[in-house]
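> sequence and predicted structure, then a few things I'm wondering about:
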Amino acid sequence: MADEVTGQELHGVVIRKGVPEDAAALAEFGWRTFAESFAGQNDPQAMAEYLSENYSTSRQSAELSSPDVLTLLAELDDSLIGYAQVRKNPPPTDIRLKEPLELHRFYVDGPYQGSGLAQRLMAAVLSTAPALGGRTLWLSVWEQNPRAIRFYLKYGFADLGSKDFWLGSERQTDRLMAISIDAGLTQRKTAGR
């Protein structure tokens, strides 16, 4: 794979709903991209605990089978290059949102970061998330992940505060962010993306 991929090279990307048969590929991809993103900044034992709990094939199969979870896979030439997962899950109790859904996972493979794939994947999230019955999308993002925070802010997410995140047995702080699904779709159309 090339070190950098341009938007021109992404014309063949397919974004589709994940199915239980995708569990093994998604478990491997999720494990790898999470580890590549965060292993260098975290305790190896805490990473191992988190990865084994969250990225097993059986866990991915259960999530892909759940009617309360929507997983979108971005593929290029039958290779997984990104994914997003939305689930029915309320935000922390001190945050009040209308009909909330959580953007639980959102990852783009390293060579495709900066290519426009993240914007395409987020557009797919916003257009398909209402099928789960939500009007607001919230997420938590590690406070030490400035690139992701900038992306969400640029996309129109508002910063609502912070919450604890447990990486294995290690407590960290995540920023809480949210966007109205309708506002996100409107912003996308206005910006011509």
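Nice, I can see it. Values in this document were obtained by computation on a predicted structure and should not be read as measured data. Numbers count the residues shown, from 1 in each chain.
> C-alpha only now, for contacts and for neighbours.
OK.
> next, the residue nearest the centre of the chain: secondary structure please.
Centroid-nearest residue in the chain, with Cα atoms, centre = their mean: residue 106, separated by 1.4 Å. Using DSSP: H, G, I helix; E, B strand; the rest coil, the three-state assignment for residue 106 comes out as strand.
> in the sheet, who's paired with it?
residue 84 (DSSP bridges).
> need the pLDDT of it.
Per-residue pLDDT puts residue 106 at 97.
> with residue 191 instead?
For residue 191, the predicted pLDDT is 43.
> how about the longest helix anywhere in the chain: buried residues?
In the chain, taking DSSP state H as the definition, the longest helix is helix 23-38. The neighbour-count check on helix 23-38 (16 or more other Cα atoms under 10 Å) flags 23, 24, 26, 27, 29, 30, 31, 33, 34, 35 as buried.
> stretch 94-107 too?
Buried residues in stretch 94-107, counted by 16+ other Cα under 10 Å: 97, 99, 100, 101, 102, 103, 104, 105, 106, 107.
> burial check on residue 149, number of neighbours?
Residue crowding around residue 149 was assessed by other Cα atoms under 10 Å; the count is 20.
> now do the SS call for it.
Residue 149, by the three-state scheme (three-state DSSP), is helix.
> that one: what's it in contact with?
141, 143 (Cα atoms under 8 Å, 6 or more residues apart in numbering).
> mind running it again at 7 Å?
The contact partners of residue 149, taken as Cα atoms under 7 Å, 6 or more residues apart in numbering, are residue 141.
> for it, give its distance to residue 88.
Noted for residue 149: a distance of 22 Å to residue 88, by Cα to Cα, to the nearest Å.
> is residue 165 within a helix or a strand, and which one?
Residue 165 is part of strand 158-167, with elements assigned from DSSP states H and E.
> please enumerate the helices of the chain.
Ranges of helices in the chain, per DSSP H, are 23-38, 44-54, 57-65, 117-128, 146-155, 181-191.
> just tell me which of these ends up closest to residue 11.
Closest to residue 11 of these is helix 117-128 (Cα to Cα; 10.2 Å).
> buried residues in the closest one?
For helix 117-128, the neighbour count (16+ other Cα under 10 Å) marks 117, 118, 119, 121, 122, 123, 124, 125, 126 as buried.
> spatially, which two of those are the most separated?
Spatial extent of the buried residues of helix 117-128 (Cα to Cα) is set by the pair 117 and 126 at 14.3 Å.
> quick check: which ranges of the chain have low pLDDT?
In the predicted model, the chain carries pLDDT under 70 at residues 1-9, 183-193.
> let's see it at 50
By pLDDT under 50, the weakly predicted segments of the chain are 1-8, 188-193.
> quick check: bridge partners of the nearest residue to residue 17 once chain neighbours are set aside?
Spatial nearest neighbour of residue 17, excluding adjacent residues (Cα to Cα, 6 or more residues apart in numbering): residue 72 at 4.6 Å. In this entry, residue 72 is beta-bridged to residue 17, residue 84, by DSSP bridges.
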